[in-house]
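J.: I'll drop the sequence and a predicted model, then ask my questions.
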Amino acid sequence: MPLSILTKCKWFALILLLNEVFSGLWFSFKELFDYPPQPIATSSSFSLNDFLLIILILPIIEECIFRLHLLPKIKNIIASIICFAFFVGIIFNGGILGMLTMNWNIIGSCFIFVCVILMIYFISFKRVNKYLQKVWITNFSRVFFGMTILFGFAHILNWGVTIRNILLLPLLVAPQLFLGLNCGYLRLKLGFRWGVLFHIIHNTISVLVLLFIIHPELLNKAFHVPQCKCEYPTKTQLDSYELTISENKDRALPLYKISKNEIYFENTSIKEVFTSLALALKATVIFDNEVVANTKVNLKFLNHSSKDHTVKEIRHFVIQQLFNKYNLKSDFYLLPSGCWVLSKEKVSDNELKITPKDTIVLRNKSIKDLSKELEKTYDIECITLMDSQEKFDFILPKDNKDELKVILHNNYNVNLKELDKESGYYYITNKK
């Protein structure tokens, strides 16, 4: 519309105010029913890149997909197709927060998809253009509201695709449906840039409200956190099986067998059972309680299920049953290369075996406190998976990382390791 900048800003501010009031009312309504929070909102993997992604990159991509082609020019349609293929690639790559570690196979597939669509478009250019003009002119309201609904419903990915979420979908994505209406209106009345700016501001406000009001505990996790954290293993159900688990104090050698229909361990520690079933390296499996980890068990499992389960599903099911018996749970952490991992065997305050020359003294510190102090002192990203609140005194060198690793290991039984590649760690603790 041929409006002055001042008039456009007034329209923009009024619609933004209505949009945020609606979002605020929705948040209040949701809190009354105590509905489980969005996985993306409670992720412990937020970093500066993730904030930029949610605030800046995703609004631009989404506006290109759902609103740019509302004016059906060739360049707009091409840009929408490319952004749609890129967005699909993000989803199949592991979700929104996994897009920064893009798989080249997925990129190649998306590129081929875009090329095929563009080839079809240019081959039948006149027919496609004629058809689009007809649809956009005679059915524009259907196109507009259809894109708004698709935009809103696509945000089920924020919650996770479950039967319960699908049934409640219109309620769960109500803010996105209203946002889509407002962005579409601004795109048509004021121009595409105004719709993008509106989307960016809305996402910025949402993230700030999320961090400072709804989930302020996330502020303690941001910027220096694992890339990914998820519960392990995935849930599996069997309709018929035999399982016995008993403790064993014999000194005989451990024995085990793992197959699709039979699994047994004899005189094997719980840590070794988990390591074998999870196909993990022992160094990447960390138990909060070493007594439980070293408890030796006899485990016998026979599968009588009528359904065809994979060996992986069987292994996961046995891990679940073992954890249920000992009231354990496991989280899987995917840690980026370049970060330092701090873990303990059994921290002690014994006399120093090695005394550093230039020292720093840390009094009454937990392992997590130690991790934060090392980040400040050595300017590294240091991660510990341990939740123990036990306090210890540490005497450490000031500026020698090699000496620091030796002293932590020899004096305090604490391991500090720098990751040279992306690595997965399992942290097993008691269920709360």
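T.: Ah, there it is. Note that the structure is predicted; figures quoted are calculated from it, not measured.
J.: make sure Glu62 is indeed in a helix.
T.: Yes - according to DSSP: H, G, I helix; E, B strand; the rest coil, Glu62 belongs to a helix.
J.: separation between it and Ile74?
T.: For Glu62, the distance to Ile74 under the criterion C-beta to C-beta, to the nearest Å works out to 21 Å. Bear in mind the C-beta positions are built from the backbone N, C-alpha and C, glycine included.
J.: who's more crowded, these two?
T.: Glu62 (22 against 13; other C-beta atoms under 10 Å).
J.: show me what contacts that one?
T.: Shown in contact with Glu62 (C-beta atoms under 8 Å, 6 or more residues apart in numbering): 87, 151, 199.
J.: again, only using 7 Å
T.: Contacts here follow C-beta atoms under 7 Å, 6 or more residues apart in numbering; on that basis Glu62 touches 151, 199.
J.: per-residue pLDDT, it?
T.: Glu62 carries a pLDDT score of 91 in this model.
J.: where do the strands sit along the stretch 101-250 of the chain?
T.: Under the criterion DSSP state E, counting those that start in this stretch, the stretch 101-250 of the chain carries strands at the ranges 228-232, 241-247.
J.: out of these, which is the most enclosed?
T.: strand 228-232 (a mean of 17; mean count of other C-beta atoms under 10 Å).
J.: how far off centre is it?
T.: In this view, strand 228-232 has its centroid 8 Å away from the chain centroid, taken as C-alpha atoms, centre = their mean, to the nearest Å.
J.: give the rounded mean pLDDT of that strand.
T.: Throughout strand 228-232, pLDDT has a mean value of 78.
J.: name the helices or strands packed onto it?
T.: Applying 3 or more C-beta pairs under 7 Å, 6 or more residues apart in numbering; DSSP states H and E, one finds that strand 228-232 contacts strand 328-335.
J.: partner strands of the next helix or strand after the strand it packs on and their direction?
T.: Tracing the chain past strand 328-335, the next element assigned as helix or strand by DSSP states H and E is strand 340-344. Pairing partners of strand 340-344, with direction, according to DSSP bridges: strand 382-384 (parallel), strand 414-418 (antiparallel).
J.: what about the longest one, average pLDDT?
T.: On average, the pLDDT along strand 414-418 is 87.
J.: all helices for the stretch 101-250 of the chain, in order.
T.: 104-123, 125-138, 140-153, 163-167, 169-172, 174-189, 192-209 (DSSP state H, counting those that start in this stretch).
J.: thinking again about what came up before, now tabulate the strands of the stretch 101-250 of the chain in TSV and tack on distance to Ile163.
T.: As requested, those are exported to TSV (distance: least, C-beta to C-beta, whole Å):
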stretch	distance to Ile163
strand 228-232	19
strand 241-247	25
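J.: show me the contacts for Pro59.
T.: In this structure, Pro59 makes contact with 196, 199-200, 203, judged by C-beta under 7 Å, 6+ apart.
J.: ok, of those, which come out buried?
T.: 196, 199-200, 203 (16 or more other C-beta atoms under 10 Å).
J.: and Ser423, how far from Asn415?
T.: Going from Ser423 to Asn415 by C-beta to C-beta gives 14 Å.
J.: equivalent analysis for Arg315, please.
T.: Between Arg315 and Asn415 the distance, using C-beta to C-beta, works out to 27 Å.
J.: between these two, which has more neighbouring residues?
T.: Between Arg315 and Asn415, counted using other C-beta under 10 Å, Arg315 has the larger neighbour count: 21 against 15.
J.: does the closest residue to that one other than its chain neighbours belong to a helix, a strand or coil?
T.: Take Arg315 and drop its neighbours on the chain: the residue closest to it by C-beta to C-beta, 6 or more residues apart in numbering is Leu277, 4.4 Å away. What three-state DSSP gives for Leu277 is helix.
J.: how far off centre is the longest helix seen in the chain?
T.: If each helix of the chain is counted by residues according to DSSP state H, the longest one is helix 5-33. Counting by C-alpha atoms, centre = their mean, helix 5-33 is centred 28 Å from the centre of its parent chain.
J.: these two touch, right, Trp180 and Phe151?
T.: Residue 180: Gly, not Trp. Yes - in terms of C-beta atoms under 7 Å, Gly180 counts as a neighbour of Phe151; the distance is 4.1 Å.
J.: now the strands: where do they sit in the stretch 251-400 of the chain?
T.: Shown for the stretch 251-400 of the chain, the strands assigned by DSSP E, counting those that start in this stretch span residues 255-258, 262-269, 285-287, 296-303, 328-335, 340-344, 359-365, 382-384, 392-397.
J.: other SSEs contacting the fourth one?
T.: The reference is to strand 296-303. Under the contact criterion of 3+ C-beta pairs under 7 Å, 6+ apart, strand 296-303 touches strand 241-247, strand 262-269, helix 270-278, helix 311-325.
J.: so of the helices of the stretch 101-250 of the chain, which one's packed in deepest?
T.: Each of the helices of the stretch 101-250 of the chain was assessed for mean neighbour count using mean count of other C-beta under 10 Å. The highest is helix 174-189, with a mean of 21.
J.: least confident secondary structure element in the protein?
T.: Using mean pLDDT, DSSP states H and E, the weakest-scoring helix or strand in the chain turns out to be helix 104-123, at a mean of 64.
J.: give the residue spans of the protein that score low on pLDDT.
T.: When the per-residue scores of the chain are filtered using pLDDT under 70, the ranges that remain are 1, 30-50, 89-111, 113-114, 117-118, 120-129, 214-227, 345-357, 432.
J.: list the contacts for the closest residue in space to Glu418 that isn't next to it in sequence?
T.: Nearest non-adjacent residue to Glu418, counting by C-beta to C-beta, 6+ apart: Trp340, 5.1 Å away. Applying C-beta under 7 Å, 6+ apart to Trp340 gives the contacts 380-382, 416-418.
J.: which one of the strands of the stretch 101-250 of the chain lies closest to Leu362?
T.: Taking C-beta to C-beta as the criterion, Leu362 comes closest to strand 228-232 out of the strands of the stretch 101-250 of the chain, the separation being 26.5 Å.
J.: strands paired with the closest one, and their directions?
T.: strand 328-335 (antiparallel).
J.: which residues does Phe87 contact?
T.: Contacts for Phe87 were tallied using C-beta under 7 Å, 6+ apart; they are 61, 65.
J.: if we use 8 Å, what do you get?
T.: Taking C-beta under 8 Å, 6+ apart as the criterion, Phe87 is in contact with 61-62, 65.
J.: and the gap between it and Ile213?
T.: When distances are taken as C-beta to C-beta, Phe87 and Ile213 turn out to be 29 Å apart.
J.: then Thr138?
T.: Separation of Thr138 from Ile213 (C-beta to C-beta): 46 Å.
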